[in-house]
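*Asks:* coordinates only, sequence not included:
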């Protein structure tokens, strides 16, 4: 199975840097497990993350942005639920 992440972000809101940073974090964490990660510029305050065609985050629905730990857990749950994320899985 091919694992794909799509991040849709608002150019008018200037969320490219946030989206690119999140993409970098996901590509580093899931090196060898992600086959593709694509940034999609958009408008209207959009910030959504999709994994293999399933939406795992929507700024409008969740009321903000995920922290990186939360985003990594959501991605992991879709592509490799048994994987331990080390410090990202530990409670603080």
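*Replies:* Cool, the structure landed. Being a predicted model, the structure only gives us computed values, none of them experimental. Numbers count the residues shown, from 1 in each chain.
*Asks:* mind checking the backbone torsions on residue 49?
*Replies:* phi -120, psi 130 (degrees, to the nearest 10).
*Asks:* without its sequence neighbours, what residue ends up closest to it?
*Replies:* residue 57 (4.1 Å; Cβ to Cβ, 6 or more residues apart in numbering). No exception for glycine: its C-beta is placed from N, CA and C like everyone else's.
*Asks:* show me where pLDDT drops low in this protein?
*Replies:* Where the chain drops to pLDDT under 70, the residues are 88-92.
*Asks:* and the longest helix along the chain, which residues are buried?
*Replies:* In terms of residue count, the longest helix belonging to the chain (DSSP state H) is helix 16-29. Buried positions in helix 16-29, judged by neighbour count with 16 or more other Cβ atoms under 10 Å: 19, 22-23, 25-26, 29.
*Asks:* contacts for that helix, please.
*Replies:* 5, 7, 9, 34, 37, 39, 41, 47, 49, 65, 68, 71-72, 75, 85, 88 (Cβ atoms under 8 Å, 6 or more residues apart in numbering).
*Asks:* which of the residues you listed sits closest to residue 15?
*Replies:* residue 9 (4.3 Å; Cβ to Cβ).
*Asks:* tell me what the strand or helix carrying the closest one is packed against?
*Replies:* Assigned by DSSP states H and E, residue 9 belongs to strand 4-10. Applying 3 or more Cβ pairs under 8 Å, 6 or more residues apart in numbering; DSSP states H and E, we find strand 4-10 packed against helix 16-29, strand 36-42, strand 47-51.
*Asks:* reformat the buried residues of helix 16-29 as JSON lines; add distance to residue 61.
*Replies:* Converted to JSON lines, the buried residues of helix 16-29 look like this (distance: Cβ to Cβ, whole Å):
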{"residue": "19", "distance to residue 61": "17"}
{"residue": "22", "distance to residue 61": "17"}
{"residue": "23", "distance to residue 61": "21"}
{"residue": "25", "distance to residue 61": "22"}
{"residue": "26", "distance to residue 61": "20"}
{"residue": "29", "distance to residue 61": "24"}
